[in-house]
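Engineer: okay, sequence plus prediction incoming.
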Amino acid sequence: MDFSGLKKPYHAALEGDWKGMESFYSKHPERLLDPLTIDKDTAFHIAAYSAETKLLGHFLDLLKEPSQILAALSNKNSHGNNTFHEVTTTDNVKAIKLLISKLEWACAQDKVHGTNFITELKKLLEDQNQLGETPLYRAVALGQFQVLKFCAKRVGNLSYHFHRYDKMSILHIAAIGQHFETAAWLLEKDKGLGKEKGNSGMTCLHLLAKMPSAFESSSRMGKMKTLLYYCMLSMLCV
C-alpha cells in the first residue's frame, strides 16, 4: 500500500477534522480511492462509518467517471467491507439513499459496459465480508433497524442474508445484541429462523431464556423481549 502523501487526510480522519479531509481531497481527487489506513479503509469507508453524509456526498461528487463511482462503493477494506457494509452500521438512512442515487447515476452513465442498476445494487447489498456478513446482516448486528428495513425493500428475498460463514443466524445475532424489535421483525419475515440452532445447539428461544434480567425490566426493551419470547414459543408449539 502506498500511503505517501496521505499523512494530512489520515490525521484529519483521526481527529474528526472533516473540513481538513474535504480540503485535501478537493485538491487531490485522484487519491480518493487509495487506502488511507492499515485496514485499507478509503476515504469512503471512513466517511460512511463516521455517518458523515455531507462529506460522503462531496467525495462522490469529486468522481466524474461512472467506473470510479462503482469502485468507490465496491472497494473492500482488509475486513472485506465495502462502503455499504460501513454505512449500515450507522442509523444514517440518508447516507444510504445518497449511495443508491449515485450508483443509479453511474449505471445510467455507463454506456460502454451497460451496467444494470438493479443488478449492481443487489450485488453490493449481498456482498459478504470476511465473516460472511452482508451489509444487512451488519445492520442487524448493530441494531440499526430503520436501515435494515430500508435496505430490505431493495433486495427482495432476505434469505441470502440470514447466515454468515460460521452459520450464526441473523436472528441469533439480533438476540445476542438484545435488538428485540429487530428480531421480532425478522421472525415475522421467516418463522423458520426461530427453529434454527446455533453452534451452541441453542435456538433463539433458548438464548432468550438465558437473559432473565431483561424480562425483569419495565423498559420497552424488556417488553419487546417478552413479546418475542412468547411469539417464538407459540411458533415452536405449532
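Structural biologist: Here it is on my side, so go on.
Engineer: now the element after the helix or strand encompassing residue 20, going C-ward?
Structural biologist: Using DSSP states H and E, residue 20 falls within helix 18-27. Remark: after helix 18-27, the chain's next helix or strand is helix 43-49, criterion DSSP H and E.
Engineer: gap between the following helix or strand past that next one and the chain center?
Structural biologist: For helix 43-49, the following helix or strand on the C-terminal side (DSSP H and E) is helix 53-62. Offset of helix 53-62 from its chain centre (C-alpha atoms, centre = their mean, to the nearest Å): 18 Å.
Engineer: still on that earlier bit, next one: the helix holding residue 20 to chain centre, how far?
Structural biologist: Centre to centre, stretch against its chain (C-alpha atoms, centre = their mean), the figure for helix 18-27 is 25 Å.
Engineer: what angle do that helix and helix 53-62 make?
Structural biologist: 0 degrees (axes from the mean of the first three to the mean of the last three C-alpha atoms, to 10 degrees).
Engineer: show me the contact partners of helix 18-27.
Structural biologist: By C-beta atoms under 8 Å, 6 or more residues apart in numbering, the residues outside helix 18-27 that reach it are 8-9, 11-13, 31-32, 43, 46-47, 50, 52, 54-55, 58-59, 62. Placement of C-beta: from N, CA and C, glycine included.
Engineer: which ChimeraX command selects the buried ones in the residues you listed?
Structural biologist: Filtering those down to the buried ones (16 or more other C-beta atoms under 10 Å) takes a single ChimeraX command:
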select :8,9,12,13,31,32,43,46,47,50,52,55,58,59,62
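Engineer: which parts of stretch 124-140 are buried?
Structural biologist: Using 16+ other C-beta under 10 Å as the test for burial, stretch 124-140 gives 124-125, 127-129, 133-140.
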